[in-house]
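Novice: The sequence and its predicted three-dimensional model are supplied below.
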Amino acid sequence: MAMDRAEVLQEVRRMRFEEIYERHRGQRLSALEAAQWLGVSERTFRRWRVRYEVEGAAGLLDRRLGKTSPHRVPADEVERIAALYNQRYTGWTVKHFHERAVEQHGLRHSYGWTKSVLQARALVRK
């Protein structure tokens with residue numbers, strides 16, 4: 001089974017950490033030096049070290065992966081805005097559409113978000 005990019009990066013991070021951790025444990029590297037080798041702060045290295053000692057390699061996994069962002073806009077809102085543009089405002093610039101949608105249709109998202117949605121659906125040019 002092929003690994004996706006995130007899995008590969010996590011595996012690389014684990015291998016690098018274990019190598020540096022062993023050198024740190026053998027007192028050949030200080031926590032600060034280990035952190036510098038890993039490209040993280042000393043505090044982050046210390047956190048990883050504790051998690052590794054308690055949980056093993058599983059403690060190094062990125063806990064954010066696979067979770068939906070709490071800021072993600074619901075799909076029905078995305079569809080509502082795309083449909084609104086497509087049905088009533090075709091041909092308008094994104095700037096003017098966004099202003100109108102905020103004023104009259106309760107849009108609470110940024111201009112950049114609006115532009116991304118319309119471009120992703122090929123309703124406006126990039």
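Specialist: Received, thanks.
Novice: in this protein, which spans are strands?
Specialist: In the chain, no segments count as strands under DSSP state E.
Novice: can you list the domains in it?
Specialist: 5-60, 75-120 (automatic domain parsing).
Novice: For S69, find the nearest of those.
Specialist: S69 lies closest, by CB to CB, to one member of the domains of the chain: domain 75-120, at 12.6 Å. Every residue, glycine included, has its C-beta placed from N, CA and C.
Novice: and the closest one, average pLDDT?
Specialist: Per-residue pLDDT over domain 75-120 has a mean of 96.
Novice: Skipping its backbone neighbours, what lies nearest H105 in space?
Specialist: Distances taken as CB to CB, 6 or more residues apart in numbering place L84 nearest to H105, at 6.1 Å, with adjacent residues excluded.
Novice: I figured that neighbour was touching R100, is that so?
Specialist: No - if you go by CB atoms under 8 Å, L84 and R100 don't touch, sitting 9.2 Å apart.
Novice: one step back: make TSV from the domains of the chain and add distance to K67 and mean neighbour count to it.
Specialist: Formatted as TSV, those follow (distance: least, CB to CB, whole Å; neighbours: other CB atoms under 10 Å):
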stretch	distance to K67	mean neighbour count
domain 5-60	12	14
domain 75-120	17	15
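Novice: Kindly reformat the ones you listed as JSON lines containing distance to G66.
Specialist: JSON lines is the format used below for the domains of the chain (distance: least, CB to CB, whole Å):
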{"stretch": "domain 5-60", "distance to G66": "9"}
{"stretch": "domain 75-120", "distance to G66": "18"}
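Novice: For K126, which of those domains is the nearest?
Specialist: Ranking these by proximity to K126 (CB to CB) places domain 75-120 first, at 5.3 Å.
Novice: The closest one: end-to-end distance?
Specialist: Taking CA to CA, to the nearest Å, the span from the opening residue of domain 75-120 to its closing residue is 13 Å.
Novice: can you pull the contacts of the nearest residue to V124 once chain neighbours are set aside?
Specialist: Once its chain neighbours are removed from consideration, V124 has its nearest residue in L118; the separation is 4.5 Å (CB to CB, 6+ apart). Neighbour list for L118: 81-82, 85, 94, 97, 124 [criterion: CB atoms under 8 Å, 6 or more residues apart in numbering].
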